[in-house]
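Student: Build me a model from this:
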Amino acid sequence: MAKTKNISTKGVMDAIQPILGQRGPIIQEYGTVRNIPTGISAEVRTEMVAALNQVLADTITLASMYKKHHWQVSGHTFYQLHLLFDKHYEEQNTLVDTIAERIQLLGGVTNGMPAAVARITKIENPPDGVEEAPVQISRLLEAHEIILKECHEIASQATEKGDDGTNDIIVSDVMRTNELQVWFITSHLVPEPLVRADAV
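Tutor: Below you'll find the predicted structure:
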């Protein structure tokens, strides 16, 4: 008959307890790249990671702005804009993940914490209070334009330096999504009534 190992209740409890409050040294500094065999030099990857982290910070800011306006929008276009802003928020959130994963794939370090994003972003922070829908849309369009200008610059740099993957993500995902969203929300600023009063 096999012998049963006698384990105390305390020993079992100690074995299943999580080790909380852990801290340790930083294993990769922000702004550096790891040696990943992607066929792209460390110098180019470092440059691309820096540019992508800027787009990441601005995309996180734009996504947050869309959610803020989704909650606060009012007026006769409330229902349509409420839904549209939330749809655009979800699409921007998808871009956040796409950009961040590209940074990591290049061996870089993503920085998406709120304090870092606030420090890095080029997008003007909106006031805490509620603004009218046309002002909300204008702010969103200004943010989109900042990101789109960055996209054109990064796409050119990536092509020139042989980083086809970054070019593909920037053009196919980030640029196309932002251009489409710009088209949709710009249409809400046209000062034309639904039916012209002087129509014959």
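Student: Now do the same contact list for A143.
Tutor: A143 makes contact with 58, 61-62, 65, 123-124 under the criterion CB atoms under 8 Å, 6 or more residues apart in numbering. Where you see a C-beta, it was placed from the backbone N, CA and C, and this is true even at glycine.
Student: quick one: what helix or strand has it in it?
Tutor: Secondary structure from DSSP states H and E places A143 in helix 133-161.
Student: name the helices or strands packed onto the next helix-or-strand element following that helix?
Tutor: Using DSSP H and E, the helix or strand that follows helix 133-161 towards the C-terminus is helix 164-168. For helix 164-168, the packing partners by 3 or more CB pairs under 8 Å, 6 or more residues apart in numbering; DSSP states H and E come out as helix 78-105, helix 133-161.
Student: Give me the helices and strands touching the helix or strand following helix 164-168, please.
Tutor: For helix 164-168, the following helix or strand on the C-terminal side (DSSP H and E) is helix 176-186. Contact here means 3+ CB pairs under 8 Å, 6+ apart; on that basis helix 176-186 packs against helix 78-105, helix 133-161.
Student: how about the contacts of A143 in CSV, adding neighbour count, pLDDT and distance to G162?
Tutor: Below are the contacts of A143 laid out as CSV (neighbours: other CB atoms under 10 Å; pLDDT from 0 to 100; distance: CB to CB, whole Å):
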residue, neighbour count, pLDDT, distance to G162
D58, 21, 99, 25
T61, 24, 98, 30
L62, 26, 99, 29
M65, 23, 98, 34
I123, 23, 98, 30
E124, 11, 97, 35
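Student: got the residues you listed as TSV, with distance to E160 columns?
Tutor: Shown next, in TSV, are those (distance: CB to CB, whole Å):
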residue	distance to E160
D58	22
T61	27
L62	26
M65	32
I123	26
E124	30
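Student: returning to that earlier point: turn the helices and strands packed on helix 176-186 into TSV, columns for mean pLDDT and distance to G112.
Tutor: Formatted as TSV, the helices and strands packed on helix 176-186 follow (pLDDT from 0 to 100; distance: least, CB to CB, whole Å):
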stretch	mean pLDDT	distance to G112
helix 78-105	98	6
helix 133-161	98	15
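Student: Can you check which of those gets nearest to I169?
Tutor: Nearest to I169, of all the helices and strands packed on helix 176-186, is helix 78-105, at 5.3 Å by CB to CB.
Student: what comes up buried for whichever helix or strand comes after that closest one?
Tutor: Beyond helix 78-105 on the C-terminal side, the first helix or strand identified by DSSP H and E is helix 114-120. Buried residues in helix 114-120, counting neighbours by 16 or more other CB atoms under 10 Å, are found at 116-117.
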